[in-house]
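1. compute the structure for the input listed below.
(chains A, B and C)
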Amino acid sequence: MPPYRAATRHRQSRKSLASTAGALVILAVMLFPVYWMVNSSLQPGATSFTTSWLPVHLGLSGYRQALSTQGGHLVTSIVIALAATAIAIVVAAPAAYALAKFPGRSTRPVLMSTLITQMIPGIVIANSLYQTYNSLHLLNSIPGLVLADASLGIPFSILLMRSFMASIPGEIIEAARVDGANPLRIFLSVVVPVSRNGIITAALFSFLFAWSDFVFALTLTSANTVTPVTLGIYQFLGSDVKQWTPVMATAVLASIPAAALLVLAQRYIASGITGGAVK
Amino acid sequence: MTIGRLQDAKAGYPGRAPAAATRGGRSRRRLALRRDRLTYWAFLAPALLYLVAFFAYPVVRNVLISFQNYSITSLYTGAAPFAGLSNYRAIFDSGLFGGIVVTTAIFTVCSMAGQFVIGLGLAVFFSRRFPLNGVIRALLLLPWLLPMVASTTVWRWLLDQDSGALNRTLGALHVTAGTTPWLASPHLALVSVILVNIWVGIPFNMVILYGGLKEIPEELYEAAALDGTGPVSRFRYITWPLLRPVTGVVVVLGFVYTVKVIDIILVLTGGGPANGSLTLAVQSYKLSFENFAFGQGAAMSNVLIVIALIFAVIYLRINKQAFQSS
Amino acid sequence: MNDFHRQSISTGTPWEPVVGYSRAVRVGPFIYVTGTTATDEAGRIVGPGDPYAQSVQALQFVASLVKSGSMSQSVVTWAQSDVNEQFMAGKAAMMINGPWQFPVLDQKAGLKYGVASIPVPTAGAAAKVPLGGEVWTVPVTSSARETAAAKVLACMNSSANQLAYAKANGYIPSLESAAKQIAVQSPQLAPFVTEVGTALSRTAEVGTAYPKIQTAIETALAAAVTGQQTPQAAMSAAQAAQ
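-> Numbering: from 1, shown residues only, chains lettered A, B, ... in the order given. As a prediction, the model looks like this:
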């Protein structure tokens, strides 16, 4: 190997290690509150002023309480969030494509209406949904919550994916059309792979919206049969007595499976797929 | 795909075809147009159905309630007498309204500025390749994974005047006296909720902008580097313009979500002290669920929606690219 | 704590030695402060018969506690449970709270505490504390449902059930006979039982207007304590908001 190339590579690897160090510092600063959460989850009886910087007197009672009561709630949350995400993407992706690539007079009003739905406070929606759900017997049901949580992700996904799909070059679609593909096939075989970044980002946030939903979980359930973890965590927070240690332990436990999914999803956001398609 | 086939494709595409004056050409165009319209509505239908089912009725009901005298007794008796504009008059004349609007404006503008700038900076930083890039990027989304009650409570502890970690650190480093009333002073309470909201919003901006950055073809940067353009010019002339559609969505959605924030403010300060951190959304919640004046709460949330709408329209007029189709 | 030097800080009002009450009592590193009455530095009652002036004076006193450093400004952010936590951690020497905290207090290992009645301005007067608690109602639905609900309510209001509910939640039963029983069974509830007898309902005079009034008072208190407004200005703002 010529000495010049070796030197460049050495310089580049030092630069990337410096970037990694910088990224870790950023992570440490941004996640300090998360550290505090883990810290207090390991200190039984934690309150605002009795939590020390390091969990010197380690206690796992918080985790014991969390695991024994919240295990089922965690599973409920994951099931609901995954199902809601799937529905949200399946419904929103074709709509986003239609709004991006088929301009017409109704496009702007539809987009504005979608945007307006995002301005409505969640409580307003939940309150009105309650009566409808009651008559449809959808209260206290997983499908009911799945449908409601999907509604959190659909408008957002439409707006986001549309902006990604708008920059797909028309020639790619043209080529498929000329090849005789029907609109559905064009969508599935050309548009979807090319807008992978947008779809994954939209799916990510739809999952997060559904996962962290509290308002629907609270309003659309009246019994304890279906309880996502965002609601279950409140059993430790009475009006007079607030047990923060199990709350923090639950929060930590709840984020582990979701974090794993996130790391997986981030891998798929690859770079510039559209860049090489028109050659 | 060869250039020849591309030209064939262009010839058959409706709206772009050179005037093929034959009847066959025109009817083929009309057929293709009809098929396009059908596709458009077919693809849009499920989403539209969902939006109407889940959002139309609540909006209408909210507007109706805002014109009714809906109090806690209405929950029992079902009676909510028509109240005309009295709910709206009540919230506008309350003497608090001006302050609430100002607080909301400060909260929204500062939150968005902070979130967007830092999010964009981080997105650019992470677009480089280095070890652990993906894992760290994913972990930065942790604030969004944690139940809001837990993370906001931790912030409450960190910002506590007497024993919070922030004051203890600042005092130990002799930056301040270590007694700053982050949550106990009306002005500083607003600063605190803005800071926490920025913290919450950075991952949202970063992830979406990162996705948009990754759409920009590498070749453009390589060509620019060969031409000798520096990083700032590269950002100005390549990155920023090509990022515009995604930027537009992030800003509009960021604005709408920020203006709607209530749980952060409710847990951190409850809108206080002395209404220091009281925004339109929080006041709407308090009117409905603490004062049980549901009519006024609905009126306030309608005002919120209208204000958000006005700003969204203005922004989109200025930044036409955000909602443009190709 | 019992061998600390005890120092009484009085303001020289005539009834302090009579009642055995001081403005503040310092015991070692702790300062005990009782409720506020509307008296000025010279001990004269401010605004006799004028609740508005007395409220301003009370606000003034609370604000001065923060200004002098006896109380941290972060009290404006505290809810009941925060006050309880401060007391349990030994950071507050005395707190005004309700009997529902007893189960929490009893759980804390090594915590020794006592209960006293809230002092009154004239000897022998009854303490006027605000009355809170739970109210059960039968909403207007259908005749059959209302009858069923009334049956449940009657059952819950039986002496035995009231006692059981009160014991479980740290409340005082509303049935006087049950209340007397609970005072005997749990001596630390006795002062509360006495006070409930003369307590004032917050909604008796104002009804459903109470939430608005409470918000106004809360805002005024926060404004005065944080120094954002003078107590005078804070109270007039609260009055104007009605």
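
2. what is the neighbour count of the residue of chain B at minimum distance from chain A?
-> Relative to chain A, the nearest point of chain B is B:Pro217 (3.0 Å; CB to the nearest CB). Backbone N, C-alpha and C define where each C-beta goes, glycine included. As a burial measure, B:Pro217 scores 17 neighbours (other CB atoms under 10 Å in any protein chain shown).

3. cool, and A:Gly238?
-> 12.

4. just the pLDDT at the residue of chain B closest to chain A, thanks.
-> Here, the pLDDT recorded for B:Pro217 equals 86.

5. now it: how far from chain C?
-> Distance, B:Pro217 to chain C, using CB to the nearest CB, to the nearest Å: 52 Å.

6. mind listing the helices for chain C?
-> Counting by DSSP state H, chain C has helices at residues C:15-19, C:51-68, C:80-88, C:102-107, C:143-156, C:159-169, C:176-185, C:190-198, C:210-225, C:231-240.

7. which among the ones you listed is found nearest to chain B?
-> Short answer: helix C:210-225, nearest of these by CB to the nearest CB, at 3.7 Å.

8. what lies in contact with that closest one?
-> Defining contact as CB atoms under 8 Å, 6 or more residues apart in numbering or on different chains, one finds that helix C:210-225 is touched by B:186, B:272-275, B:286, B:290-293, C:59-60, C:62-63, C:66, C:73, C:75-76, C:202-203, C:206, C:228-231, C:233-235, C:237-239, C:241-242.

9. same check on stretch B:158-165?
-> A:32-33, A:36, A:48-49, A:53, B:157, B:166-167, B:179-184, B:192, B:268, C:72-74.

10. one more: stretch A:44-59?
-> Contacts of stretch A:44-59 (CB under 8 Å, 6+ apart): A:36, A:39-40, A:42-43, A:61-62, A:244-245, A:248, B:156-157, B:160, B:162-165, C:82, C:85-86, C:89, C:91.

11. my read is B:Gly178 is in a helix, agree?
-> No - the assignment for B:Gly178, made by DSSP: H, G, I helix; E, B strand; the rest coil, is coil rather than a helix.

12. residues contacting it?
-> Counting by CB under 8 Å, 6+ apart, B:Gly178 has contacts B:167-168, B:170-172.

13. check C:Glu146 too.
-> Contacts of C:Glu146 (CB under 8 Å, 6+ apart): C:138, C:140.

14. if you set the cut-off to 10 Å instead, what comes out?
-> Neighbour list for C:Glu146: C:138-140 [criterion: CB atoms under 10 Å, 6 or more residues apart in numbering or on different chains].

15. around chain C, which positions in chain A sit nearby?
-> Chain A has residues A:45, A:47-50, A:237-242, A:244 near chain C, with proximity defined as CB under 10 Å from any CB of the partner chain.

16. are any of those residues buried, and if so which?
-> The neighbour count (16 or more other CB atoms under 10 Å in any protein chain shown) marks A:45, A:47-48, A:240, A:242, A:244 as buried among the residues of chain A next to chain C.

17. any chance of JSON lines for those, columns pLDDT and secondary structure?
-> Output for these, formatted as JSON lines (pLDDT from 0 to 100; DSSP: H, G, I helix; E, B strand; the rest coil):
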{"residue": "A:Gly45", "pLDDT": "80", "secondary structure": "coil"}
{"residue": "A:Thr47", "pLDDT": "80", "secondary structure": "coil"}
{"residue": "A:Ser48", "pLDDT": "76", "secondary structure": "coil"}
{"residue": "A:Asp240", "pLDDT": "69", "secondary structure": "coil"}
{"residue": "A:Lys242", "pLDDT": "81", "secondary structure": "strand"}
{"residue": "A:Trp244", "pLDDT": "88", "secondary structure": "helix"}
